[in-house]
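>>> would you be able to build a 3D model of this:
(chains A and B)
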Amino acid sequence: MNASTNPPPIEVHALTRRFGATTAVDGLSFRVEPGRITGFLGPNGAGKSTTLRMILGLDTPNAGHALINGRPFRSLPRPLREVGALLDAAALHPSRRARDHLAWLAASNRLPAGRVRHVLELTGLAGVAGKRAGSFSLGMRQRLGIAAALLGDPGVLLLDEPVNGLDPEGVLWMRTLMKSLAAEGRTVLVSSHLISEMALTADHLIVIGRGRLLADTGVREFIRAAGPGASLEDAYMRLTAASVEYRANPNPAADPNPASTSRS
Amino acid sequence: MTTASAPIPTTPASRGAALPALLRSEWIKLRAQRSTFIAAAAALILGLGVGLLDVLSVTGHWATMSAADRAGFDPVGDPLSGFQFGELALGALGVLAVSTEYATGMIRTTLTAAPRRTVLYTAKALALGVFALLVSELCAFSAFLLGQLVLRREHLNVPVTDAHVLRAVTCAGLYAAVVAMVGFGLGALLRHTAAAICAMFALVFLAYPLARTFEGASYLPDHLLLINAASALATVHPPAGPHAARVPSFGFALFDLALYLAVFLGFGAWRATRDA
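Below is the predicted model of the structure:
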C-alpha cells in the first residue's frame, strides 16, 4: 500500500445528520489511518452508529461527506473488496444456512467460492457451515458477521461492537484477529463501549460526544493528557462528562473539562 | 489531521455489469430461504387440490346437473379454480422475498454488499419474477392436465390445441406471477410481512365488494380488479349471466396485469431506493 499517493482509507468531512429537531452528527470530521486499530468511542447517543451508517451509505448525510479510499461508498463497484463491515450480529436471515449467507454475499461481488470456505475456517465456523443461522448463539452469529466482513479480503474494516456476546476465548480471538489485520496494513475502525477492551486493543482513538469530535489522538497521549496515574477509563470519563446524554446517577464528580485534552 | 479534504469525486455510479452478479446473489438468497419452498409447495397443493375437487364434483354430478349449470361449466376455468388460493401463496412468496430482509435487518448487510439501490431492486424483482412465473406456470399446466384426466370420464375434456385453451392456461400462470409481484411491491413498500400480506389479501379479495358499490355508475372499477381480470384470462367460455358485465375484455385484462405490475413495482422501487 503506497499510502503517500493514495487517499485516506476512511475520511469523514463536516458530516452532519439531523433527525427532526435532534442533530445526531454535527459537523464531524476525521480520518482513519491504515496499519493500526482505531477505537471509535463515545457515550450512548453520541452518534457512533449514525456515523458508521453514513460511511457505509446506509444513511444520507444532511451535509458533508464520508469517503472510502477517496470515493463515496455507494459508488464502489465491488464494495466487499474494499470495506468489510460488522454492523450487528442479527443482520442475517435465521432460516438460511451459514454457508448460504456467505454464498449470496460472495456472488453479489463476484468473489470466488473459495473465499467462503476460507472465511468459514478462519472464524472457526467450518463445522457448522450447514446449520441455519437462527440456531446460532450470539457469539457464533458474531463470528459469522466477521466471516462476512472478511469475505472480500478488504483493506478497510468497520466493526461495531465486535466482542459483543463473545465468551472470553472469543474475545481473545477477536483481539488477536484485529491486531493481525492491522499489522497486515489494513485500516481497522472499531466502535465500542468497552473502555477496558479498547485499552487492550486500540492504537488510536476517535472520541465523539453529542455528534461532535472530542478527541482524535493516540491512546498513550490520550491517557497522559488526563494527568498522572490516570487510566484510559479516567481519561474517557473526564472527556465525555459534559456530553453524556443518559446518565443513571447525576453526580458529576469528575471535572468536566474536555478543553484540557489534547487533540492531534 | 482532520482538516484537509478533497471534494466529492464524481464517479459514474451506474454500471450495468453489477446486474448479473446481483441476480445470482438474489437467486441464492431465494433458494436458501425456507419460506420460498413452503410457499411454492402451498401454491402447488392448493392450486391442484382445489381444482381437482371442483372437477371431481362436476364429473360426479354431471348427469343430474341443470342446463344452466352445465352452461356455466368451463373445461379450462374449472380445473384452474384452485388458483384463487394458490395465488395467495404466491403473493405471500413475493411479500416474504423482500419483507424478511427488512424485518431481520439483513437489508443492511445486503446494502453494504450492493449499495446501488436501483440495480439491487431490479435484480431482486427479476430473480423473484422468473421464479414465480416458473412456479405459477407449473401450477397452471399441471392443474389443467390433471383436470383433463378427470374430465375425460364424462368426455368433458378439451385438447390443449382447441381455440384459446393454451392461451387461457398460460394466462392463468401469468396472472398468478403478477400477484406474486404485487406482493413483492407491497413488501418493499411496507417493509413489514404481516402488513404487506394483509394489504395483498385486501387488494385481491376485499376490493371486489367495494367495486360493486360503484356498479350503478360504472363497471370500470370492476374491470380494474385482478379477480375479474382472471375470469377473462383463464377461461375459454366468455362469462354469462349478471356477472358478465363485471368481467373485462381479454385485452383489458392484459392491460390490468401490466397496470398492477407497473404500479406496485413502482411503489416498491420508490421505497426501496430510500434509506434503510
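
>>> can you list the low-confidence ranges for the stretch 101-250 of chain B?
Scanning the stretch 101-250 of chain B with the threshold set as pLDDT under 70 gives no residue ranges.

>>> need the residues of it near chain A, please.
The stretch 101-250 of chain B comes close to chain A at residues B:101, B:104-116, as judged by Cβ under 8 Å from any Cβ of the partner chain. No exception for glycine: its C-beta is placed from N, CA and C like everyone else's.

>>> what about burial for those, which qualify?
B:101, B:104-116 (16 or more other Cβ atoms under 10 Å in any protein chain shown).

>>> returning to that earlier point: just the residues of the stretch 101-250 of chain B next to chain A: which are in helices?
When these are checked against helices using DSSP state H, the ones located there are B:Glu101, B:Met106, B:Ile107, B:Arg108, B:Thr109, B:Thr110, B:Leu111, B:Thr112, B:Ala113.

>>> contacts only, for the fourth one.
Yep, that's B:Arg108 we're talking about. For B:Arg108, the set of contacting residues under the criterion of Cβ atoms under 8 Å, 6 or more residues apart in numbering or on different chains consists of A:Leu56, A:Leu58, A:Leu87, A:Asp88, A:Ala91, B:Ala276.

>>> so which residues of chain A form helices?
Shown for chain A, the helices assigned by DSSP H span residues A:48-55, A:98-108, A:113-122, A:138-150, A:168-183, A:195-201, A:219-225, A:232-240.

>>> how about JSON lines for those, with mean pLDDT and mean neighbour count added?
Compiled in JSON lines, the helices of chain A are given as follows (pLDDT from 0 to 100; neighbours: other Cβ atoms under 10 Å in any protein chain shown):
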{"stretch": "helix A:48-55", "mean pLDDT": "94", "mean neighbour count": "24"}
{"stretch": "helix A:98-108", "mean pLDDT": "95", "mean neighbour count": "24"}
{"stretch": "helix A:113-122", "mean pLDDT": "95", "mean neighbour count": "17"}
{"stretch": "helix A:138-150", "mean pLDDT": "92", "mean neighbour count": "23"}
{"stretch": "helix A:168-183", "mean pLDDT": "94", "mean neighbour count": "16"}
{"stretch": "helix A:195-201", "mean pLDDT": "89", "mean neighbour count": "17"}
{"stretch": "helix A:219-225", "mean pLDDT": "88", "mean neighbour count": "18"}
{"stretch": "helix A:232-240", "mean pLDDT": "88", "mean neighbour count": "21"}
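
>>> and those helices: which comes nearest B:Gly187?
Distances from B:Gly187 to each of the helices of chain A were compared using Cβ to Cβ; the minimum, 18.0 Å, belongs to helix A:98-108.

>>> any chance of the contacts of B:Arg108 in a markdown table, plus neighbour count?
Formatted as a markdown table, the contacts of B:Arg108 follow (neighbours: other Cβ atoms under 10 Å in any protein chain shown):
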| residue | neighbour count |
| --- | --- |
| A:Leu56 | 21 |
| A:Leu58 | 21 |
| A:Leu87 | 22 |
| A:Asp88 | 16 |
| A:Ala91 | 22 |
| B:Ala276 | 17 |
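
>>> which of these fall in strands?
By the criterion of DSSP state E, membership of these in strands covers no residue at all.

>>> with distance to A:Phe136 and pLDDT as extra columns, can I get those residues in JSON lines?
What follows is these, written out as JSON lines (distance: Cβ to Cβ, whole Å; pLDDT from 0 to 100):
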{"residue": "A:Leu56", "distance to A:Phe136": "23", "pLDDT": "95"}
{"residue": "A:Leu58", "distance to A:Phe136": "24", "pLDDT": "92"}
{"residue": "A:Leu87", "distance to A:Phe136": "17", "pLDDT": "87"}
{"residue": "A:Asp88", "distance to A:Phe136": "14", "pLDDT": "77"}
{"residue": "A:Ala91", "distance to A:Phe136": "13", "pLDDT": "76"}
{"residue": "B:Ala276", "distance to A:Phe136": "23", "pLDDT": "62"}
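
>>> what's the most distant pair in those?
Looking across the contacts of B:Arg108, with Cβ to Cβ as the criterion, the two at the greatest separation are A:Asp88 and B:Ala276, at 13.4 Å.

>>> can you list the residues that contact stretch B:164-173?
Judged by Cβ under 8 Å, 6+ apart, the contacts made with stretch B:164-173 from elsewhere in the structure are B:76-77, B:80, B:83, B:133, B:136-141, B:143-144, B:158-160, B:230, B:233-236, B:253-254.

>>> now, of those residues, which are buried?
B:76-77, B:80, B:83, B:133, B:136-137, B:139-141, B:143-144, B:158, B:230, B:233-236, B:253-254.

>>> how much space separates B:Ala103 from A:Arg220?
Summarising the geometry, the distance separating B:Ala103 from A:Arg220, computed by Cβ to Cβ, to the nearest Å, is 45 Å.

>>> burial count for B:Ser25?
Applying other Cβ atoms under 10 Å in any protein chain shown, we find 26 residues neighbouring B:Ser25.
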